[in-house]
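> Build the 3D model from these lines:
(2 chains)
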Amino acid sequence: MTGPRIVPESTELTAAFWSAAAEGRILLQRCAGCELVWHPPAPVCPGCRGDVLEWFASSGRGTLYSYTRVEHAAHAAVADAVPYLVALVDLDEGPRVVTSLVGVDDASAVSALTARTRVTIELGPAAAGLQLPIARPSGPDADGSIDPAPPA
Amino acid sequence: MSAAVIGIGQTAYSRASQRSEWSLAVEAVEGALADCGISPSDVDGLVRYSYDSVDEAMLVRSFGWRLRYYSQTGYGGLGAPTALAHAAAAVTSGQARIVVCYRSLNGYSRTRYGRAERSFESGGGELVARGDRAPSGAFAGPYGLLSPGQVMAMWARRYQWEAGIAEQDLVGALARIAMDQRTYAQRNPAAVMHGRPLDAAGYLSGRVIATPLRIFDLALETDGAAAVVVAATDVARAASSSPVHITAVMAGMFAYAESIAIYGELRNGPTYRALARELFSVAGIQPGDLSAAMIYDATSISVLLGMEAYGLARPGAGWRAVLDHGIGSAAPVPVNTSGGHLSEAYVHGMNLVVEAVRQCRGTSTAQVQRSGPVLVSSGPSAVVLSP
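The predicted structure is shown next:
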């Protein structure tokens, strides 16, 4: 990377998330009252508006929801990174996250990606320069049909 | 609902206005008032986009207005139908009699929505991504998810997977949308892409921006402004133009449905479809009654998803409908008949509203044969206009 890195602002709401993210872990919020799990972080439960919330670490396993191979840099910060893969991953705990997708090295591997592609989360280089939780395909596809329902 | 659009105005659309957005806004508003024979001094309401650099105070000064009502609409492209929702509410509740809605944007020479430079503040040699919205928010920017087109590229891939189709079929449908809108632009001298037709070979030779989307799948970046005048029906009778009635309008919102959403359902999902049914119920029509539709086309995939959300095609079957019939003049419901954001200009939906009014008046450059209601939609925000 030669350009500036793009870094997330850490707020009172998200500081715990980013501390864990720097170590490659994705923390999720859970409501102590109704046990709903969600992302991105919110101050009250999106299900019951409970405000006793707890952080817990995702298993780091999930299924690909979608991806794109970015070929045109929309900012100078990623001019040297293109082409790169951005993915949306539905974690096994439910919530969807944005991440980088690595280990998909050639065109045939990219075209083999499906809505059943399983991924695991690891610490690695995000496209805009930071070390963050990123996704890597983890072997055989999951069974089952595509579920278009929202995560929460 | 007893509100109507009585005036429309627009500036030239270009890639180098060489004028301020303030100046463009004044010209578009003057045009819209002249179009309906309303004196500027009779305006008493104003609705702007929160994103617009031209604020109420600036236009009030330019026109010498004494307003009784002003408001702002958020979320960029959702703003055009929402602006009409505000204006209609204001005039039907007596808060105002004549309300101007506008959008002015030097979208090429000043603020390029395909670029992310405006998204970050520099700090300590780094760029700081804030908030949880995509693209460019704290959870997206560090991963290089930086432009609306990149998010919509992921919508497109997800659509392909949920529809269970090959990439070739998806690309074929997106190409058809881009080409049909470009064909409309050949009939519209105001369109930036007038004189520049697009065939399949040309589409496929366009550079890939973010797979599976190519340059021709993305909205233009242009300079220009557009405006409309909304009045209560009794005021509309005094105008020199034929009123176009606002028969139903919706400023929809639900969890994760903000303008460029990634965490919730795809834009053709069940909640979007339920909202659309409620809109049509208020209007007293079925989707098949529409004579034309203006579906917000930040990208070609937005059109496909919008067609399914608003009942112009069954969920998951819009690609087939587009491959079979296109969205051109011969389609069951012609879509984006001015060329839309892909080929006319990118005025954040306000140019789509202006075209919908032209269709209702019978003055479009690609006038549909059948007179009837016209939809303008942008995600969960939409309006039905009728002659």
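
> And the pLDDT for B:R187?
On the pLDDT scale, B:R187 is placed at 98.

> ok, now which ones touch the spatially most central residue of chain B?
Geometric centre of chain B, nearest residue: B:G349, 2.3 Å, by CA atoms, centre = their mean. By CB atoms under 8 Å, 6 or more residues apart in numbering or on different chains, B:G349 lies in contact with B:G77, B:L78, B:G79, B:A80, B:P81, B:R103, B:Y296, B:H341, B:V376, B:S378. Where you see a C-beta, it was placed from the backbone N, CA and C, and this is true even at glycine.

> check contacts around residue 3.
Just going to use chain A. So A:G3 contacts A:A76, A:A77, A:V78, A:A79, A:D80, A:G129 (CB under 8 Å, 6+ apart).

> Chain B is the one I meant
Per CB under 8 Å, 6+ apart, neighbours of B:A3: B:A87, B:A88, B:V91, B:T92, B:V230, B:A231, B:A232, B:T233, B:H245, B:I246.

> mind checking how far the nearest residue to B:A257 once chain neighbours are set aside is from B:A83?
Spatial nearest neighbour of B:A257, excluding adjacent residues (CB to CB, 6 or more residues apart in numbering or on different chains): B:P380 at 5.2 Å. Separation of B:P380 from B:A83 (CB to CB, to the nearest Å): 15 Å.

> quick one: which of these two has more around it?
B:A83 (33 against 25; other CB atoms under 10 Å in any protein chain shown).

> so which strand or helix has that one?
Assessed by DSSP states H and E, B:A83 sits inside helix B:79-92.

> right, and the helix or strand after that helix?
Downstream of helix B:79-92, the next assigned helix or strand under DSSP H and E is strand B:98-106.

> What's the local residue count around whatever residue of chain B ends up closest to chain A?
Using CB to the nearest CB, the single residue of chain B nearest to chain A is B:G144, 3.0 Å away. B:G144: 29 surrounding residues under other CB under 10 Å.

> right, and it touches A:A79 too?
No. With contact defined as CB atoms under 8 Å, B:G144 does not count as touching A:A79 (10.7 Å).

> which stretches of the chain form strands?
Chain wasn't specified; assuming chain A. A:6-8, A:27-31, A:37-38, A:53-57, A:61-70, A:84-91, A:96-100, A:118-125, A:131-137 (DSSP state E).

> Switch to chain B, please.
Under the criterion DSSP E, chain B contains strands at B:3-10, B:45-49, B:69-73, B:98-106, B:121-123, B:126-129, B:208-210, B:213-214, B:223-232, B:244-251, B:292-295, B:374-378, B:381-386.

> hang on, the earlier thing: residues in contact with the residue of chain B closest to chain A?
A:I6, A:V70, A:V78, A:A81, A:Y84, A:V86, A:S100, A:A126, A:A127, A:A128.

> I'd assumed A:H72 was in contact with the fifth one.
No. Under the criterion of CB under 8 Å, A:Y84 makes no contact with A:H72, lying 11.1 Å away.

> who's A:L28 bridged to?
Using DSSP bridges, the bridge partners assigned to A:L28 are A:F56.

> Could I get the contacts of B:A3 in CSV, plus columns for distance to chain A?
Formatted as CSV, the contacts of B:A3 follow (distance: CB to the nearest CB, whole Å):
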residue, distance to chain A
B:A87, 32
B:A88, 30
B:V91, 36
B:T92, 34
B:V230, 34
B:A231, 40
B:A232, 39
B:T233, 40
B:H245, 35
B:I246, 31
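
> tell me the pLDDT at residue 115?
Looking at chain A here, since you left the chain open. At A:A115, the pLDDT value in this model is 96.

> please go with chain B instead
We have a pLDDT of 86 for B:R115.

> Can you give me the pLDDT of A:D143?
pLDDT, A:D143: 53.
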